[in-house]
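Chemist: okay, here's the prediction I keep looking at, along with the sequence it came from:
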Amino acid sequence: MMDIIRISELEIYAYHGVYVEEKEKGQFFYVNADLFVDTRKAGMTDELDYSTNYGTVCEFIADFMKNNTYNLIETAAEQMAQAILLKFKLVKSIVLEIRKPSAPIALEFGSVSVEIVRGWHEAYIAFGSNLGDREKYIDDALEAIGNLPQIEIEAISDKIATKPYGGVEQDDFLNGVIKVKTLLPPEELLQILQQIELHAGRTREIHWGPRTLDLDILFYDDEIIDSENLIVPHPDMKNRDFVLKPLMQIAPYKVHPVYHKTIKDMYEELQSK
């Protein structure tokens, strides 16, 4: 459980709304924010540098609300939550509510509001290439991932040369794994990775065939996802030396949420077969 710095009923006069008069005349909004942080070190040392300055956060929220204009408070909440998480690095997640007591509703009401929960997530992504300049395709992809504000690369394994998997005759691969933290939900992360693959000329003509670039989500937090477009954890990773070997290098004690085994144990089991 994380500690919470709580901001309640921060009053801001701003210009958000679908109707012209809302943007021209403005109205009062009230912002509530729960910032999930680790305050232990600040509490033990009495040093503000080890915490998040709630006064600075309040000023940031007020400036954001005043300097941007949106039709929807849903958009204001979404964009502001991301901006706070990018600006204040000690904040791991946020519960953010924007309350609108003067909404244009022809009925008696207290207020309307939107509340969202956003935060950083941990993901592991496998990379591979066996066409053309393999190392350049991989390096360009890692650079593209690292340049996205919603993704921070925290660890990169070695690139290892591996034999093709799946029975298709083709050149050897370079493979590896990165650990990232990201603000993107799983489906959006997948879309970004597919765009990077497409930019590298990736095609999907032959299953398990040669490719300029392959980017696969191995883990997303400890979630188990089975959707039309995405299965996480990666369903075949237990049989893939080229995934488990580099993954063991950067996360040997990561526990697989389905098999309840560490990556080290899974790798050693595969090697023993």
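Modeler: In hand now; what should we look at?
Chemist: helices or strands next to the lowest-mean-pLDDT helix or strand in the chain in the packing?
Modeler: Ranking every helix and strand in the chain by mean pLDDT, DSSP states H and E puts strand 160-162 at the bottom, with a mean of 89. The contact analysis (3 or more CB pairs under 8 Å, 6 or more residues apart in numbering; DSSP states H and E) places strand 160-162 against strand 173-182, helix 241-250. Backbone N, C-alpha and C define where each C-beta goes, glycine included.
Chemist: can you tell me what sits against it?
Modeler: 172, 173, 174, 175, 176, 241, 242, 245, 246 (CB atoms under 8 Å, 6 or more residues apart in numbering).
Chemist: quick one: the helices in the stretch 151-273 of the chain, in order.
Modeler: Per DSSP state H, counting those that start in this stretch, the stretch 151-273 of the chain carries helices over the ranges 186-199, 241-250, 263-272.
Chemist: in the last one, what's buried?
Modeler: Applying a neighbour-count criterion of 16 or more other CB atoms under 10 Å, the buried positions in helix 263-272 are 263, 265, 266, 267, 270.
Chemist: sheet partners, orientation included, of the least confident helix or strand of the chain?
Modeler: strand 173-182 (antiparallel) (DSSP bridges).
Chemist: contact partners of the partner strand?
Modeler: 120-130, 134-135, 138, 142, 145, 150-164, 189, 218, 242-243, 246-247, 249-251.
Chemist: pull out the buried residues from the helix or strand hosting residue 43.
Modeler: In the assignment (DSSP states H and E), residue 43 maps to helix 40-45. Across helix 40-45, burial judged by 16+ other CB under 10 Å covers residue 42.
Chemist: give me the distance from it to the chain's centre.
Modeler: Between the centre of helix 40-45 and the centre of its host chain there is 28 Å, according to CA atoms, centre = their mean, to the nearest Å.
Chemist: packing partners of the helix or strand hosting residue 57?
Modeler: Applying DSSP H and E as the criterion places residue 57 in helix 54-67. Contact partners of helix 54-67 among helices and strands, from 3+ CB pairs under 8 Å, 6+ apart: strand 3-14, strand 27-37, helix 73-87.
Chemist: ok, and what's touching that helix?
Modeler: 5, 7, 10, 12-16, 29, 31, 33, 35, 76, 79-80, 83-84, 87-88.
Chemist: what average pLDDT does that helix get?
Modeler: Averaging pLDDT along helix 54-67 gives 98.
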